[in-house]
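With the input below, show me the fold.
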Amino acid sequence: MNNTAHTFRNAPNTWPVVGNGLIFIQARQKLFRYFVTCERLHGYETLQIAVPSLPPGVIISDPKNLEYVFKHEGIFAKGSFVKERSWDLFGNGIINADGDLWKMEMHADDEFSKAFDHASGATAERFQNPLWFIMEIFFGSTLRKNLQIVKSYGAKMVDNAVRDRESASKSFTGGSGTGIVDKSQHIEGSLIQSFLDAIGDKKMVADAALNYLSAGRDTTAQALTWTFYLLMRHPDVLAKVRQEVRRPVDDDRDLADLPYTHAVFNEALRLYPPIPFEIKQAIEHTTLPDGTFLPKGSVVVWCTWAMNRSYTTWGADADDFRPERWLEDGKVANRSAAEFPVFNGGPRTCLGKRMAEVTAVHVIAVMGSTFDFEPTGHEERVSKSSLTLPMKGGLPVRVMENQLWTP
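Alright, predicted model coming up:
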């Protein structure tokens, strides 16, 4: 790789032979700080990284470069690098799929949840530890067991959907009751039935269903956990949310009616993005807008956690929780996906973006105005290892009815 605009710079802490490998096997919080340090020292400059056993790669922080990656889905794919590390969890589902397969694809019980959480954490560690495949030979029995649980759950969902479809079809042909018609229409309109219609292959449908579970079961709940964590640390902000709500919020109330509450959620997403890291692989030679040439097979890494703390983009108070930064003339200001990439961007923009925003703002408004929350401890909360951003140990709180709230 080279940069035609200026001398190409290695990322900090690049050592002979091991490159940046010692950095990438650090605990997650240290890795976050490393990416923030890179951004603070070098701003939008593209930095080269080298990790043993990984393809050559760069870290990007410039929104123009990220916008280029978002817009050129045909050049930047998940690629073999990502699939090798996450295939046994996500298969060919939408998280891993590229090209025509990705276009085609466009909570469960306690056992599944625990198995999925463990598998997600182990998959995330594969992107940090270049020797992951060796470690799993000796210490991977628990992961293999949990992967089997997750995959069997996906297969069970598909089998149940197939049986329901066959049952509905037989019932429909044997009678004309309106209940049967309603059931058949419901089944045909379900997500898994849609996958069966579009894809046909039961294993691929199971992968797709598990991918959607992964995308939806964790991220909104995690974002709300971090939001209430911040609100408890900033009671003045919570007071403004309550002042804005003033009365109970019904299901028909629009986001535009709650701009400050929406700004609170955006600000929480900025500081605690549900997907803190992203990576793509170039499937052909290309050049980024800043002049960085990327040969085929190289990887592009961006750390949403660090980009969302950029002084250049967000100002000198980027580390502060300040919802007002999102408000312009009483409305929530729009930020481009390249500046605020928490929902990804381009063709791969999160399908549930709008639903997540509506759900979260509604929950913040109702719960924030109806209840008082008091943390059981005062230590700073951190995330645990995962592909997403779950809070380590959860958020234990005491919940009390807000006696001052008068509908």
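
tally of neighbours for the residue nearest to Tyr311 when sequence neighbours are not counted?
The shortest distance from Tyr311 to any non-neighbouring residue, by C-beta to C-beta, 6 or more residues apart in numbering, is to Ala318 (5.5 Å). Quick note: C-beta positions are derived from backbone N, CA and C, even for glycine. The local packing of Ala318 (other C-beta atoms under 10 Å) involves 19 other residues.

Next: Asn160.
Neighbours of Asn160 (other C-beta under 10 Å): 11.

tell me which element it falls in.
helix 141-174 (DSSP states H and E).

How far does that helix sit from its chain's centre?
Taking C-alpha atoms, centre = their mean, to the nearest Å, one finds helix 141-174 lying 26 Å from the centre of the chain it belongs to.

Would you mind checking the average pLDDT for it?
Mean pLDDT, helix 141-174: 74.

same question, stretch 277-295
Stretch 277-295 carries an average pLDDT of 93.

For that stretch, give the distance from the opening residue to the closing one.
22 Å (C-alpha to C-alpha, to the nearest Å).

quick one on the thing from earlier: on contacts alone, who are the packing partners of the helix holding Asn160?
helix 79-90, helix 110-126, helix 178-189, helix 191-198, helix 202-217 (3 or more C-beta pairs under 8 Å, 6 or more residues apart in numbering; DSSP states H and E).

Lowest average confidence across those helices, which one?
Lowest mean pLDDT of the helices and strands packed on helix 141-174: helix 178-189, a mean of 36.

Give me the secondary structure label for Gln281.
Classification of Gln281 by DSSP: H, G, I helix; E, B strand; the rest coil places it in strand.

Give me the neighbour count for it.
Around Gln281 there are 22 other residues, counting by other C-beta under 10 Å.

Can you give me the distance of it to Lys296?
9 Å (C-beta to C-beta, to the nearest Å).

Quick one: neighbours of Ala365, just the number.
Using other C-beta under 10 Å: Ala365 sits among 24 other residues.

Name the residues of the helix or strand where it lies that come out as buried.
Following DSSP H and E, one finds Ala365 within helix 353-370. Buried residues in helix 353-370, defined by neighbour count with 16 or more other C-beta atoms under 10 Å: 356-357, 359-365, 367-370.

Show me what that helix is packed up against.
Partner elements for helix 353-370 (3+ C-beta pairs under 8 Å, 6+ apart): helix 219-233, helix 235-245, helix 259-271.

highest average neighbour count across those?
Mean neighbours per residue, mean count of other C-beta atoms under 10 Å, is largest over those for helix 259-271, with a mean of 23.

Now do the contacts for the residue nearest the centre of the chain.
The chain has Ile275 as the residue nearest its centroid, 3.3 Å off, counting by C-alpha atoms, centre = their mean. Residues in contact with Ile275 (C-beta atoms under 8 Å, 6 or more residues apart in numbering) are 219, 304, 342, 344, 387-389.

swap in Phe343?
Neighbours of Phe343 in contact, by C-beta under 8 Å, 6+ apart: 337, 349-350, 353, 356.
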